[in-house]
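A.B. asks: Let me see the structure of the following:
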Amino acid sequence: MTPFERRTAAGLASIFGLRMFGLFLMLPVFAVYGTDLQGATPALIGLAIGVYGLTQACLQIPMGFASDRIGRRPVILGGLLLFAVGSVVAAMSDHIIGVIIGRALQGGGAIAAAVMALAADLTAPKQRTMMMAIIGMSVGGAFLMAMILGPALVGIGGLALIFWLSAVLAVVAMVVLYAVVPVPTQQRVHADAEPVRSQFGGVLRNPDLLRLDGGIFILHFILTAAFVVVPLMLRDTLSLPVGSHWQVYVPVLLLSVVALVPAVMVSERRHWHRQVLFAAVVCLTIAQLALATGGGAAPVLLVSLWLWFAAFNVLEATLPSLISRYAPTESKGTALGVYATSQFAGAFLGGLFGGIVHGLGGEAWVFLLCALGTMAWLVIMRGMGQVPDLRRDAVSEA
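C.D. replies: From the prediction side, this is the model:
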């Protein structure tokens, strides 16, 4: 990567990572500490975990459209401001409904599509997979730090401290946007571009884009559903207090990252994107079934969590890169908006149904539900077309 591309990667990965760190901080603790909020029930706890996905899903497509026309940076700035407001609302609430409202406002900061589209604008085609992988790794790093610091922070200042910190991190991300991220030399603002309806229709008629949208929906469904119950399993199966859960998350996540770099290198160098995608979904399915049937045993729980996170990291890095390959240049923001909408719709429904299923049937049934989702994903992937080789277009787009 050129120095310009490295600066772009550092800036956008930092923005994405800071924002996701603020969202992830509550994952390792809310299933336990959320019960102390007034009016809390298992279903409402699941809703509070996943509701940000509802507002994200509603706003990603409009903000993707906007980023194709008024520019990426104004859209990203506005999203970060709304995220900060939601964090403050949640920090000041002692009732579960207030936290749900705050989380919904956080989700209103729907900048994922604009960030990924800006990354595509500022990167040569041959480096796009690596750029998306770096952003994906920032999400993994944010997740790791949240698993470590979330339990410690909630022990110091309760859930309110987590939300106040999220607001501060949003402000830091705004500074990074204007101080670090380069201004595109060829900002793709299409005032006279193809009409919105035509762009949107073209994206929705592309079967390969729809397969990827379905995949990210399922991936984030199982992420939020799993974290309705994973903290409880660590507490009950391993007899670990919440403040010690990092002793599991740190080694499991660090070992899972080991699978990411080889997978990205193989998919890019050998053009095995579909094969890597399929293998990761198979691994995710195996992990879900193992957690459902043997998660009560400590060795099975630990190995299954490692496999789960290894597959998740690979998929999180691979899917946005594939979207950028399949999507037409003039509709990248729109395509990424649909993609991000699917992602956060999955997060919302995963938290909602994870909480409901946990209340009705227990932890094993949540993982069985997730396994059904990954099996459906394998079916969806059948017939996926050849992944475009953007290296052939590098000269014409440079």
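A.B. asks: residue boundaries of the helices in the stretch 51-200 of the chain?
C.D. replies: With helices called from DSSP state H, counting those that start in this stretch, the stretch 51-200 of the chain shows them at 52-69, 72-91, 96-108, 112-121, 128-179, 196-204.
A.B. asks: Distance from the chain centre to the fifth one, please.
C.D. replies: In other words, helix 128-179. Between the centre of helix 128-179 and the centre of its chain there are 12 Å (Cα atoms, centre = their mean, to the nearest Å).
A.B. asks: and the angle for it with helix 72-91?
C.D. replies: 70 degrees (axes from the mean of the first three to the mean of the last three Cα atoms, to 10 degrees).
A.B. asks: Could I get the average pLDDT for helix 128-179?
C.D. replies: Mean pLDDT, computed over helix 128-179, is 84.
A.B. asks: Which strands or helices does that helix pack on?
C.D. replies: Contacts defined by 3 or more Cβ pairs under 8 Å, 6 or more residues apart in numbering; DSSP states H and E place helix 128-179 against helix 3-24, helix 27-33, helix 72-91, helix 96-108, helix 112-121, helix 246-257, helix 260-269, helix 298-326. Using the backbone N, CA and C atoms, a C-beta is placed for each residue, glycine as well.
A.B. asks: for these, which one sits closest to Ala43?
C.D. replies: When the helices and strands packed on helix 128-179 are compared by Cβ to Cβ, helix 96-108 sits nearest Ala43, at 10.2 Å.
A.B. asks: neighbours around Phe348, how many?
C.D. replies: Neighbours of Phe348 under the rule other Cβ atoms under 10 Å: 25.
A.B. asks: State whether it and Cys58 are indeed in contact, as I suppose.
C.D. replies: No. If you go by Cβ atoms under 8 Å, Phe348 and Cys58 don't touch, sitting 9.7 Å apart.
A.B. asks: Quick one, which of the helices and strands packed on helix 128-179 gets closest to Tyr178.
C.D. replies: helix 72-91 (7.7 Å).
A.B. asks: who's in contact with Leu277?
C.D. replies: By Cβ atoms under 8 Å, 6 or more residues apart in numbering, Leu277 lies in contact with 215, 267, 315, 318-319, 322, 381.
A.B. asks: neighbour-wise, which of those residues leads?
C.D. replies: Per-residue neighbour counts (other Cβ under 10 Å) across the contacts of Leu277 peak at Gly215, which has 28 neighbours.
A.B. asks: Could you name the helices and strands sitting against the strand or helix carrying it?
C.D. replies: For Gly215, the host element (DSSP states H and E) is helix 207-226. Counting contacts by 3+ Cβ pairs under 8 Å, 6+ apart, helix 207-226 packs against helix 42-50, helix 273-294, helix 298-326, helix 332-361, helix 363-380.
A.B. asks: Recalculate using a threshold of 10 Å.
C.D. replies: Judged by 3 or more Cβ pairs under 10 Å, 6 or more residues apart in numbering; DSSP states H and E, the packing partners of helix 207-226 are helix 27-33, helix 42-50, helix 52-69, helix 196-204, helix 273-294, helix 298-326, helix 332-361, helix 363-380.
A.B. asks: weakest of these in terms of mean pLDDT?
C.D. replies: Mean pLDDT, when computed for each of these, is lowest for helix 196-204, at a mean of 65.
A.B. asks: give the contact list for the nearest residue to Ile148 once chain neighbours are set aside.
C.D. replies: Counting by Cβ to Cβ, 6 or more residues apart in numbering, Ile148 lies nearest to Trp246, which is 4.3 Å off, once chain neighbours are set aside. Shown in contact with Trp246 (Cβ atoms under 10 Å, 6 or more residues apart in numbering): 28, 144-152, 240, 253.
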